[in-house]
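[1] Just need the structure, nothing else, for what follows:
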Amino acid sequence: MKASKALQILELIIFAGLAAIVLYQLYSVLGRRVGRQPEDQVAPEGVAGPVPAPLPGERPGTVLLCGTYALERARPHPLIAQLPRVIHLPARATLGDPLRSVVDLLGAEVQCDGANLSPAVPALLDLLIIYTLRAWYACEAERGAQGWPRALQDNAVRTALENIQQSPATPWTVAQLAAASGLSRTAFAREFRTLVGEPPLTYLTRWRMTIAAQLLRETDLPIESVAARVGYGSPYAFGKAFKRSMGDAAGAYRRASREEGQLRPPVSP
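    Here you go, the predicted structure:
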């Protein structure tokens, strides 16, 4: 698969603490009008009439914070691939939770900065998606869901995932991962495959190729250096693994990704 077809855009619109929203005017986080309901639109039941646009100097009553994330379509991470199309977390479910704190900080930034986008907002939106995913997977685990919801709550499997993600260049073996997780090799391999959906070393390769693809897209590191960063002493072995995983040779993937970046229209704030 060509890299120009390997990226998809995940668009997130997160509503926090709102039971229902009726939008006649849509404003971006900068306060700029980006859409307008037709004047002859009939108001929904329970709404007296069209909501007027804020007057000059007034603040919009509702602010939408939208983020876009580029994902690998060739081999999406199973943590993302298993998500539903829509995640809804009621406001009451976030009380006393770190997610609630992030939402409150975002609200404070928007209130304080008005029409100026605070440098803190992008970082807070990153935290928002992280804590949203954590909260959703935790809720799924409480409901008894299997797979990744349980994997993230299982101490042994979570320890192995953390070791792989923090040290992808380490020449991990199943026995080493099992020992670090406190299980026998057989019990660990069975538990990991049951919850994650693939064997430990298959997941290790997946994670290495994810990091390698990011380095190829975002840096000018030589392919030999990229290979070393993800645990391959031989560029040839790395090249075979990368093409098998991503569908393109590393060099071709890098060139196509950069062509795609030049052609892709800028994302509106």
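[2] in this protein, which segments are predicted with low confidence?
    1-67, 70-75, 91-96, 113-117, 261-269 (pLDDT under 70).
[3] hmm, 90 instead?
    Flagging of the chain using pLDDT under 90 yields the residue ranges 1-150, 152-153, 197, 246-247, 256-269.
[4] Strands of the protein, start to end?
    7-13, 25-27, 33-36, 66-72 (DSSP state E).
[5] count of neighbours near the nearest residue to residue 79 once chain neighbours are set aside?
    Distances taken as C-beta to C-beta, 6 or more residues apart in numbering put residue 148 closest to residue 79, at 5.6 Å, once the chain neighbours are dropped. Where C-beta positions appear, they are placed from N, C-alpha and C, glycine not excepted. For residue 148, the neighbour count with other C-beta atoms under 10 Å is 23.
[6] There's contact between residue 148 and residue 82 in this structure, I believe.
    Yes - look at residue 148 against residue 82 with C-beta atoms under 8 Å: they come within range, at 5.7 Å.
[7] So which elements touch the helix ranked longest in the chain?
    When the chain is parsed with DSSP state H, its longest helix is helix 120-142. Here helix 120-142 touches strand 66-72, helix 98-113, helix 148-151, going by 3 or more C-beta pairs under 8 Å, 6 or more residues apart in numbering; DSSP states H and E.
[8] can I have that helix written out in PDB, keeping just the CAs?
    Presented in PDB, the C-alpha positions along helix 120-142 are these (Å, rounded to 0.1, in the frame of the first residue of the first chain):
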ATOM      1  CA  ALA A 120      -1.600  25.500  26.200                       C
ATOM      2  CA  VAL A 121      -4.700  24.500  24.300                       C
ATOM      3  CA  PRO A 122      -3.100  22.000  21.800                       C
ATOM      4  CA  ALA A 123      -1.300  20.300  24.800                       C
ATOM      5  CA  LEU A 124      -4.500  20.100  26.800                       C
ATOM      6  CA  LEU A 125      -6.400  18.600  23.800                       C
ATOM      7  CA  ASP A 126      -3.700  15.900  23.600                       C
ATOM      8  CA  LEU A 127      -4.300  15.200  27.300                       C
ATOM      9  CA  LEU A 128      -8.000  15.200  26.700                       C
ATOM     10  CA  ILE A 129      -7.900  12.500  24.100                       C
ATOM     11  CA  ILE A 130      -5.500  10.400  26.300                       C
ATOM     12  CA  TYR A 131      -7.700  10.700  29.400                       C
ATOM     13  CA  THR A 132     -10.800  10.100  27.300                       C
ATOM     14  CA  LEU A 133      -9.400   6.800  26.000                       C
ATOM     15  CA  ARG A 134      -8.300   5.800  29.500                       C
ATOM     16  CA  ALA A 135     -11.700   6.600  31.000                       C
ATOM     17  CA  TRP A 136     -13.600   4.800  28.200                       C
ATOM     18  CA  TYR A 137     -11.400   1.600  28.400                       C
ATOM     19  CA  ALA A 138     -11.700   1.600  32.200                       C
ATOM     20  CA  CYS A 139     -15.500   1.800  31.900                       C
ATOM     21  CA  GLU A 140     -15.400  -1.000  29.400                       C
ATOM     22  CA  ALA A 141     -13.300  -3.200  31.700                       C
ATOM     23  CA  GLU A 142     -15.800  -2.500  34.500                       C
END
